[in-house]
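Trainee: fold the following, please.
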Amino acid sequence: MAFWKRNSKRKKDEHEMSFLEHLEELRWRILYIIIGLIIGTIAAWIFIDFFVEKILLLPANKANLKLQNLKPFGQLFLYLEVAMIIGFIISVPNFFYQVWKFVAPALKKNEKKYVFSIVTFTTICFIAGIVFAYFVMLPLTLQFASQFGTERIENNFAVNEYFSIILSVMIGAGVVFELPMLSFFLSKIGILTPKIMRKFWRHSILTIFVMSAVLTPGGDPISQILLAVPLILLYEISILISRIFSKKKEEFE
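Mentor: Numbers count the residues shown, from 1 in each chain. The predicted structure is shown next:
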């Protein structure tokens, strides 16, 4: 009886998930992500006045921007949109956890124990990008936008356009700050190597400046440079990460 249990456990460990089982696992992970998003959105809605008045409108106040609502019920729908985006940011740890749990079956047994550390570091990278955008990029970008033009033309900004700019820049910066984690993952599965990253270094720098131009509204060159510099630094860090884990992979093999 004991032998049968050990044999059954071994077969269970060696069992590979079928295509339908992968789809079922993906369905549950997506469901957990949606539940986390709903919980985060509800939490954001409870404190929506604080997020809007004390956080998101603060860059506008510092830049002396004049905001106005131009649509009926515009502020209501705007608050709902802001709550959903903030809810996503709040649920980011759960999002990354569900993604890595879905990937976990493809990992080796000794790699699965690092899932919590990976989720933590991935979340930190994302939040670091948001913080960088909020405290460095947005103040300079909004200052440039408010001062550009002539005295005869008054700069009044639609409030939905303002929130669209600051939220897109913050989320965009959070995403691009995931470059080290992307390098880690691609290096672990053998797609990316330090040699490849060094070979295409010039192409990558050009891509970084293009990304900076896209993510920086208004074409402010100062903000573009401010975003490009940390991205270049992140690219160099990614090369180092790729070198470390490529060596570990070779030693393990």
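Trainee: does F96 touch V119 like I think?
Mentor: Yes - contact criterion Cβ atoms under 8 Å: F96 and V119 qualify, at 4.8 Å. The C-beta positions use only the backbone N, C-alpha and C, and glycine is treated the same way.
Trainee: which stretches of the stretch 51-200 of the chain have low pLDDT?
Mentor: 105-114, 145-153, 155, 188-192 (pLDDT under 70).
Trainee: which parts of it are strands?
Mentor: Using DSSP state E, counting those that start in this stretch, the strands assigned to the stretch 51-200 of the chain run over residues 66-68, 156-158.
Trainee: G129 is nearest to which of those?
Mentor: strand 156-158 (24.1 Å; Cβ to Cβ).
Trainee: ok, and for that closest one, which residues are buried?
Mentor: F157 (16 or more other Cβ atoms under 10 Å).
Trainee: strands paired with that strand, and their directions?
Mentor: Pairing partners of strand 156-158, with direction, according to DSSP bridges: strand 66-68 (parallel).
Trainee: residues in contact with the strand it pairs with: which ones?
Mentor: With Cβ atoms under 8 Å, 6 or more residues apart in numbering as the test, strand 66-68 has contacts from L57, A60, E154, N155, N156, F157, A158, V159, Y162.
Trainee: kindly recompute the last result at 7 Å.
Mentor: With Cβ atoms under 7 Å, 6 or more residues apart in numbering as the contact definition, strand 66-68 has outside contacts at A60, N156, F157, A158, V159, Y162.
Trainee: how about stretch 39-56?
Mentor: So stretch 39-56 is contacted by Y79, V82, A83, M84, I86, G87, F88, I90, S91, F163, I166 (Cβ under 7 Å, 6+ apart).
Trainee: tell me the buried residues in it?
Mentor: G40, T41, A44, W45, I48, F51, V52, L56.
Trainee: centre of the chain to that stretch, how far?
Mentor: Between the centre of stretch 39-56 and the centre of its chain there are 19 Å (Cα atoms, centre = their mean, to the nearest Å).
Trainee: what about it, how long is it end to end?
Mentor: Its first and final residues considered, stretch 39-56 spans 21 Å by Cα to Cα, to the nearest Å.
Trainee: likewise for stretch 99-117?
Mentor: 14 Å.
Trainee: now stretch 39-59
Mentor: 27 Å.
Trainee: still on that earlier bit, in a markdown table: the contacts of strand 66-68, plus distance to T123.
Mentor: Below are those laid out as a markdown table (distance: Cβ to Cβ, whole Å):
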| residue | distance to T123 |
| --- | --- |
| A60 | 28 |
| N156 | 37 |
| F157 | 32 |
| A158 | 33 |
| V159 | 30 |
| Y162 | 27 |
